[in-house]
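J.: Show me how the following folds:
(chains A and B)
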Protein chains: 2
Amino acid sequence: MASHAQVSVTAVSKVLNNAYGVSPAMKNKVKTAIEELGYRPQAVARGMRGRTFTLGLVLPHIRNPFFADILDGLTAYLETTDYQAFMIQGGATRKVEQRAVDALLSRQVDGIIMVAPLASKARLEEVAKEKPVVVLARHERSPHYDSVFDDDEAGAELVVRHLIELGHRRIAHITHQDDSIARSADLLHSIRSAAYERVMREHGLEDEIAIATSFYHEQGGYDGARELLRRAPRPTAIFAGADQAALGALAAAHEAGLSVPADVSVAGYDNTHLAALPNISLTSIDQDGHEMGRAAGKLLLERIEGRRTPVRFTVTPTLVVRASTAAPR
Amino acid sequence: MASHAQVSVTAVSKVLNNAYGVSPAMKNKVKTAIEELGYRPQAVARGMRGRTFTLGLVLPHIRNPFFADILDGLTAYLETTDYQAFMIQGGATRKVEQRAVDALLSRQVDGIIMVAPLASKARLEEVAKEKPVVVLARHERSPHYDSVFDDDEAGAELVVRHLIELGHRRIAHITHQDDSIARSADLLHSIRSAAYERVMREHGLEDEIAIATSFYHEQGGYDGARELLRRAPRPTAIFAGADQAALGALAAAHEAGLSVPADVSVAGYDNTHLAALPNISLTSIDQDGHEMGRAAGKLLLERIEGRRTPVRFTVTPTLVVRASTAAPR
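T.: Numbering: from 1, shown residues only, chains lettered A, B, ... in the order given. This next block holds a predicted model:
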């Protein structure tokens, strides 16, 4: 590579290590060569150095209390080891996420846990060729990394069946869109949405299917619920694909002067601690984030120790019924 | 140091770098010597290596949406630079926090931002002697690090004056306790609590002062409010020192069958996005976490570039009145 860039090996090394004493011109020259060759610093360094006992945890953001459950489980597990987890924000676009992952790779973490990543399976496998990887909340089967996820199909089915059993027919759904590249069968929000549609159809409710495509955050749930509540006839129940969106849906119902659950039932997913507050009391699906975080840490350390056989770890969701759902009037 | 431990320099180096091929016995021998001498790996390495373009951000936890505002501000600022922020959870005790900070130091971050740390000022200054440090949300004056904080005195005064102007007299307060070591005048929760007491006294309400000492999280606010609402006569207003605690206070009021604000007014602090949801609509104090995160990033980079003069950056809080506070009956 040094010959391609027509610079000295020492200069390349300095650039790769962000060392002092490299001119901007030289830096650009080397960087261009690196890009042209698809070269990665640690591809060389790998195996030459010892472990750093550092794991990278890529979170899309830190606004979802469910991620805090995952982190707590991971942290509790790592306390029994010599490892420390560094978190990095993956952000809202694949580009920013890739920059975050590159930052972890070039700083020599021993392995990476990615929570609900936006990257394609191919890209995740590229990362996994450089460092051991565990992916949370995606359903792909890959020979190159481990997966930890919730049975989102079963969870969504539990919610929709619960609402149908209460007597609801006009059950609407709020789903999520993002910058991810994956088969829809591998994305948790697509799985939850498809399960909603399937269960509705199985109960002869195909004409009542109503989906607002928004985001799994408060504003997204608020916008989605406003759209759904404007329909005539109005839905009598809303299943938001995540608690954060359900909080927004509760806010929209309140603003529209609707009583929950008398006028409209609302259910979420994730069973965050906010759902349990008596004034929110949100029916939700528990997917044990603590256990998912613990499992992800354990699997990653096994990979670092040399395991190559891929493992898929699934948690079984349970329905937690609270005061936000009841029979329709 | 190698002679003190009676081991080879190579072995010491291997232990310090967590390299392979070191026996547990040798590892212990070197570690003991390191501890006896108060030696730190990067104290030697410092200055010998280039920058890593990595900043460490120590957060107590990731359950407070206000921390997400800080992270967003920091991230937005760093996008204009070559730096990446790695987060690490500081945890609930000084011991765990110190382990997190040590993890950052030994992994060669270029600087550290600590949000609401538990460590003593002396300890923060020790860290600052190794790497540039910016401390968020503490009020100490130190010649060795920069500080970014909200004028908590002014913010608490705004809330209490607002409640008094509405006509409240029995105004109670929920404060926080933790494992921190600091002068109480330097801790935000002590400052807010002291300001509450001062303003109450200034208005001849010293006999109405009622403080529940709990925690700035949902459960803490719930427990604190339950304690306060059992008093006879009952407080007509509760000022929780943080929005998270205010959410718990709203839950406790709901559970006690009390209407907010008709029976009891509730106010928080931080103006998190949850406070703005129409069904929560919490009166709160905005302290611009985004700007605090941005400022912390900027100050830390200035220190990394060589600034030694300490800077204190203060944001001025504002009162955001919403539906959770009204005149008492």
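J.: Now do the nearest residue to A:T318 once chain neighbours are set aside against A:R312, distance only.
T.: Once flanking residues are discounted, A:T318 sits nearest to A:D286: 5.0 Å by C-beta to C-beta, 6 or more residues apart in numbering or on different chains. The C-beta positions use only the backbone N, C-alpha and C, and glycine is treated the same way. In this view, A:D286 and A:R312 are 20 Å apart by C-beta to C-beta, to the nearest Å.
J.: Show me which of the two is the more surrounded one.
T.: More crowded of A:D286 and A:R312, by other C-beta atoms under 10 Å in any protein chain shown: A:D286, with 19 against 14.
J.: my read: the more buried one touches A:V321, true?
T.: No - judged on C-beta atoms under 8 Å, A:D286 makes no contact with A:V321 at a distance of 11.1 Å.
J.: could you pull out the strands for the stretch 101-250 of chain A?
T.: Using DSSP state E, counting those that start in this stretch, the strands found in the stretch 101-250 of chain A span residues A:111-115, A:133-136, A:146-150, A:171-176, A:210-214, A:237-240.
J.: could these be laid out in TSV, adding mean neighbour count, mean pLDDT and distance to B:K131?
T.: Shown next, in TSV, are these (neighbours: other C-beta atoms under 10 Å in any protein chain shown; pLDDT from 0 to 100; distance: least, C-beta to C-beta, whole Å):
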stretch	mean neighbour count	mean pLDDT	distance to B:K131
strand A:111-115	27	98	24
strand A:133-136	27	98	29
strand A:146-150	24	98	34
strand A:171-176	26	98	39
strand A:210-214	19	98	42
strand A:237-240	31	98	44
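J.: Quick one: closest of those to chain B.
T.: Each of the strands of the stretch 101-250 of chain A has some distance to chain B by C-beta to the nearest C-beta; the shortest is strand A:111-115, at 11.8 Å.
J.: And the closest one, what does it pack against?
T.: Here strand A:111-115 touches strand A:54-59, helix A:65-78, helix A:94-106, helix A:121-130, strand A:133-136, helix A:289-304, going by 3 or more C-beta pairs under 8 Å, 6 or more residues apart in numbering or on different chains; DSSP states H and E.
J.: where does the residue nearest to A:T318 land on pLDDT?
T.: Per-residue pLDDT puts A:D286 at 98.
J.: do the same with A:L163
T.: Reading off the model, A:L163 has pLDDT 98.
J.: do A:Q108 as well
T.: 84.
J.: Can you pull the phi and psi angles for it?
T.: Main-chain torsions, A:Q108, degrees, to the nearest 10: phi 60, psi 40.
J.: Pretty sure it sits against A:L55.
T.: No - counting by C-beta under 8 Å, A:Q108 does not reach A:L55; the two are 11.4 Å apart.
J.: possible to save the strands of the stretch 101-250 of chain A as TSV with distance to B:R138?
T.: Output for the strands of the stretch 101-250 of chain A, formatted as TSV (distance: least, C-beta to C-beta, whole Å):
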stretch	distance to B:R138
strand A:111-115	30
strand A:133-136	34
strand A:146-150	37
strand A:171-176	38
strand A:210-214	39
strand A:237-240	38
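J.: which of A:Q108 and A:L55 has more neighbours?
T.: For A:Q108 versus A:L55, neighbours defined as other C-beta under 10 Å are more numerous around A:L55 (27 against 20).
J.: Got the domain ranges for chain A?
T.: A:2-40, A:50-150+A:289-315, A:152-287 (automatic domain parsing).
J.: okay if I get the ones you listed as TSV plus distance to B:R234?
T.: Formatted as TSV, these follow (distance: least, C-beta to C-beta, whole Å):
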stretch	distance to B:R234
domain A:2-40	61
domain A:50-150+A:289-315	31
domain A:152-287	18
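J.: any idea which of these scores lowest on pLDDT?
T.: domain A:2-40 (a mean of 52).
J.: Which residues does stretch A:269-282 contact?
T.: A:64-66, A:69, A:155-156, A:159, A:192, A:240-244, A:246-247, A:250, A:266-268, A:284-287, A:289, A:320, A:322-324, B:63, B:218, B:222, B:247-248, B:250-255, B:274 (C-beta atoms under 8 Å, 6 or more residues apart in numbering or on different chains).
J.: ugh, typo on my part, it should be stretch A:183-190
T.: A:116, A:121, A:137-140, A:149-150, A:152, A:175-178, A:180, A:191, A:194, A:216, A:241.
J.: If you tally nearby residues, what's the number for A:D82?
T.: Neighbour tally, A:D82, other C-beta under 10 Å: 9.
J.: ok, now A:E165?
T.: The burial count for A:E165: 10, using other C-beta under 10 Å.
J.: Over to A:R231?
T.: Neighbours of A:R231 (other C-beta under 10 Å): 12.
J.: sorry, back to before: okay, and which of the contacts of stretch A:269-282 map to helices?
T.: A:65-66, A:69, A:155-156, A:159, A:192, A:243-244, A:246-247, A:250, A:289, B:218, B:222, B:247-248, B:250-255 (DSSP state H).
J.: how near is A:F67 to A:E291?
T.: 14 Å.
J.: out of the two, which sits in the busier spot?
T.: The residue with more neighbours, out of A:F67 and A:E291, is A:F67; 25 against 16, by other C-beta under 10 Å.
J.: tell me which residues of stretch A:178-197 are tucked away?
T.: Neighbour counts over stretch A:178-197 (16 or more other C-beta atoms under 10 Å in any protein chain shown) mark A:180, A:182, A:186-197 as buried.
J.: same thing with stretch A:200-209?
T.: A:200, A:205, A:208.
J.: ok, now stretch A:303-313?
T.: So stretch A:303-313, judged by 16+ other C-beta under 10 Å, has buried residues A:303-304, A:313.
J.: Looking at these, which is nearest chain B?
T.: A:I304 (12.5 Å).
J.: Please list all residues in contact with the closest one.
T.: Per C-beta under 8 Å, 6+ apart, neighbours of A:I304: A:51, A:110-111, A:132.
J.: which one of those is nearest chain B?
T.: For the contacts of A:I304, the nearest to chain B is A:R51 (5.5 Å; C-beta to the nearest C-beta).
J.: Kindly state which of the helices and strands packed on strand A:111-115 is positioned closest to B:T93.
T.: With respect to B:T93, and counting by C-beta to C-beta, the nearest of these is helix A:65-78 at 12.6 Å.
J.: Do any residues in the closest one lie close to chain B?
T.: Yes - using C-beta under 8 Å from any C-beta of the partner chain, we find that helix A:65-78 touches chain B at A:65, A:67-68, A:71, A:75.
J.: Get me the contact residues on the stretch 151-300 of chain A for chain B.
T.: Neighbours of chain B within the stretch 151-300 of chain A, by C-beta under 8 Å from any C-beta: A:218, A:222, A:247-248, A:250-255, A:273-274, A:277-280.
J.: now for the residues you listed, which pair is the farthest apart?
T.: Going by C-beta to C-beta, the pair spanning those furthest: A:E255 and A:H273, at 24.1 Å.
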